[in-house]
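Undergrad: Build me a model:
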Amino acid sequence: MSQGSVYYPDYLKLDTLLNAQELESVKHGRPAHDEMLFIVIHQAYELWFKQVLHEVGSVMAMFADEHVDDNGGELNIAVHRLQRVKTILGVLVHQMDIMETMTPLDFLDFRDMLRPASGFQSMQFKVLEAKLGLRMEKRHGKQYYTSQLKPDHKAEIEALEGEQTLLELVNAWLERMPFLEERYWPKDGKPFFQRLEEQYVSSLVQGEEGNAKLWKDIFVTGSAERSLSPKACRSALFIMLYRDEPIFQQAFRFLEALLDIDEGLAAWRGRHLNMVHRMIGLRVGTGGSTGKAYLRGAMDSHYIFSEIADLSSFLFERNKLPELPVELKKAVGFGS
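TA: Alright, predicted model coming up:
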């Protein structure tokens, strides 16, 4: 080979990668065949987590400069990269198929040798949840969340509580949307969102009366419990209602990509829960968690972008949407 040329095994650091599987069962003098599978699958998870963090980090950097060009390439790139994250999360779910070729008895051959190591100590997954927007106060079992980490890892996770999240960056992006400003709307009529509210309230059926208050809580007064501001929610609903307008097509796909990530994480947690139940029944995890019970609580409560999904409650049929003013129609078309 010529000097300076790239050699495949060296480029991929295969000597390091393929020798990074050290079986505890071998160290104990009781080799367990399936421990190799267990290690390889979890190392593959961590590599995919690294890639997901790479994609999410790049999207956060785009949004952090307080300018995302909806009419150019930036939002297209953000959507593409988040869709890649969705695909990777699908791969994580399907890796469970391989894991489940290991039977509970196969796992018991080496399980107790792993204590107190646990997937609960995956730093990358904790970092990912934190960067997406899952704050400590909203975590299931928050009192135990960093209890099993080394001090430096614990400090790293706690420091993320003071950093901006993707959810917060999305909130700021939505708040910057100008198309609900008064300059775009006729001054001789009711404000656009007041008209929408009246139309929405008139459409409620029996059992939905409480939604009238919910409208005000989400779009007018806001709530300390919610992550998205009323202004951001108004913009998000506007994008969802008028998604067919050229400038909103990618914005809508971006919001959909966020929901896809939530769905992908929930699918992975659900599949993990079922796999854990199948493998260890009702026993506690190797790290001391409650196993199945903890995983179910996390699956139910760790949705990050659920407030965007909530907005589907307030959609209208296309034929009932107010016509956009001419000046605004021009503004939301490409090349305006």
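Undergrad: now the helices for the stretch 1-150 of the chain?
TA: For the stretch 1-150 of the chain, helices defined by DSSP state H, counting those that start in this stretch occupy the ranges 8-11, 14-17, 24-27, 35-64, 74-99, 104-108, 123-132.
Undergrad: Of all those, which one comes closest to Phe192?
TA: helix 74-99 (23.5 Å; C-beta to C-beta). (C-beta placed from N, C-alpha, C; glycine too.)
Undergrad: Now do the contacts for Asp244.
TA: By C-beta atoms under 8 Å, 6 or more residues apart in numbering, the residues touching Asp244 are Arg318.
Undergrad: that older thread, can I get the helices of the stretch 1-150 of the chain in a markdown table with distance to Asn171, mean pLDDT and mean neighbour count?
TA: Listed next are those as a markdown table, based on distance: least, C-beta to C-beta, whole Å; pLDDT from 0 to 100; neighbours: other C-beta atoms under 10 Å:
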| stretch | distance to Asn171 | mean pLDDT | mean neighbour count |
| --- | --- | --- | --- |
| helix 8-11 | 41 | 96 | 9 |
| helix 14-17 | 39 | 98 | 10 |
| helix 24-27 | 45 | 97 | 15 |
| helix 35-64 | 10 | 97 | 16 |
| helix 74-99 | 15 | 96 | 16 |
| helix 104-108 | 43 | 94 | 13 |
| helix 123-132 | 13 | 95 | 19 |
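Undergrad: now those helices in TSV, with distance to Gly189?
TA: Listed next are these as TSV, based on distance: least, C-beta to C-beta, whole Å:
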stretch	distance to Gly189
helix 8-11	64
helix 14-17	65
helix 24-27	72
helix 35-64	34
helix 74-99	31
helix 104-108	67
helix 123-132	40
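Undergrad: To Glu263, which of the ones you listed lies closest?
TA: Nearest to Glu263, of the helices of the stretch 1-150 of the chain and by C-beta to C-beta, is helix 74-99 at 8.1 Å.
Undergrad: Just checking, which helix or strand succeeds the worst-scoring helix or strand of the chain on mean pLDDT along the chain?
TA: Least confident element among the helices and strands of the chain, by mean pLDDT, DSSP states H and E: helix 292-301 (a mean of 68). As assigned by DSSP states H and E, the chain's next helix or strand after helix 292-301 is helix 306-310.
Undergrad: Now do the next helix or strand after that following helix: everything it contacts.
TA: Sequence order places helix 326-331 as the next helix or strand after helix 306-310, per DSSP H and E. The contact list for helix 326-331 (C-beta under 8 Å, 6+ apart) reads Phe179, Tyr184, Trp185, Glu245, Ile247, Ser336.
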